[in-house]
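Undergrad: Have a look; sequence and predicted model below, questions after that.
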Amino acid sequence: MRRVIVVDGTFLKNKYRGVLLVATAVDGNSNLYPIAFGVVDSDNDDSWGWFFRQLKVVIADCQDLAFTKGLTALVEKVSRAYRSAEFQERITEIFEMSHELGRYLREADVRKWACSLFPGERYDIRTTNLAESINSVLRIPREYPVIPLLDSIRELLTRWFYERRLVSSKHLDPLTTKVEKKIDRRIVKAKSLSTPINHVFVGTGMEVHRFTDGLYTAAAWRTAYVDSINPIAVPECEWNVPGG
């Protein structure tokens, strides 16, 4: 997957309420790839702390891994700055408007949220749209009790994995479907440019996929869906439910 995980929470509408926390990534074909779901009592620091500790079990933390959660307009401007000079200008504006907010952003480590200083790749993922799309798909199941809700999620993932496994297994090009189409469009556009350097790949006949990130290859796409999503194997009577 692209090394960006989008997290978000959505309120449940069943009798006991609660919040569904979601962590989502994107595969090499720009499809939503849900990683984890969690049902908690409310949207608070303790709930998110528990969720991230569970998420860390399956997704190890590392320097080039980014998380995206809702950003205010003020912080979004400075986070999107791609040049250091522009970043310094905007962060200064924040300090002038709110010294407390500016200090918080500095202490949070700007390398984790600022484009101009982030050491890894964000793959153009800057919003919570991925998680919000998942929430929209689960609009009706969110009204169910917890167990039917989780089973609906399992059924959704089972269908997605089956359909994508089938499509990717028949795909013969070296890159995923959407990436191949994107490259084809750009090659056509490049042929209409007059600057010689823009013809370098077209003119030399180089294989474009050689210069593409490995996660966009058809092989990686197939690998993402090689496993099956199965029903929970442990009987409900054997579940280890925390007390309190």
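TA: That came through, no problem. Numbers count the residues shown, from 1 in each chain.
Undergrad: any weak-confidence spans in the chain?
TA: Per-residue confidence for the chain (pLDDT under 70) gives these ranges: 63, 66-74, 121-128, 194-206, 232-236, 239-244.
Undergrad: Which residue ranges of it form strands?
TA: In the chain, the segments counted as strands under DSSP state E are 4-11, 19-26, 32-40, 66-68.
Undergrad: Could you work out the end-to-end span of stretch 4-22 for me?
TA: 14 Å (C-alpha to C-alpha, to the nearest Å).
Undergrad: what about Ile5, distance to Val58?
TA: Between Ile5 and Val58 the computed distance is 11 Å (C-beta to C-beta, to the nearest Å). The way it works is simple: take the backbone N, C-alpha and C, and place the C-beta from them, glycine included.
Undergrad: more crowded one of those two?
TA: The neighbour count for Ile5 versus Val58, taken as other C-beta atoms under 10 Å, is higher for Ile5 (24 against 9).
Undergrad: shouldn't the more buried one be in contact with Thr24?
TA: Yes. Between Ile5 and Thr24 there is a contact under C-beta atoms under 8 Å: 7.2 Å.
Undergrad: what's the overlap in contacts for those two?
TA: When contacts are counted by C-beta atoms under 8 Å, 6 or more residues apart in numbering, the set common to Ile5 and Thr24 consists of Ile35.
Undergrad: Show me what counts as buried in the helix ranked longest in the chain.
TA: Using DSSP state H, we find that the single longest helix of the chain is helix 146-169. Of the residues in helix 146-169, those buried under the neighbour-count criterion (16 or more other C-beta atoms under 10 Å) are 149-150, 152-153, 156, 160-161, 164-165, 167-168.
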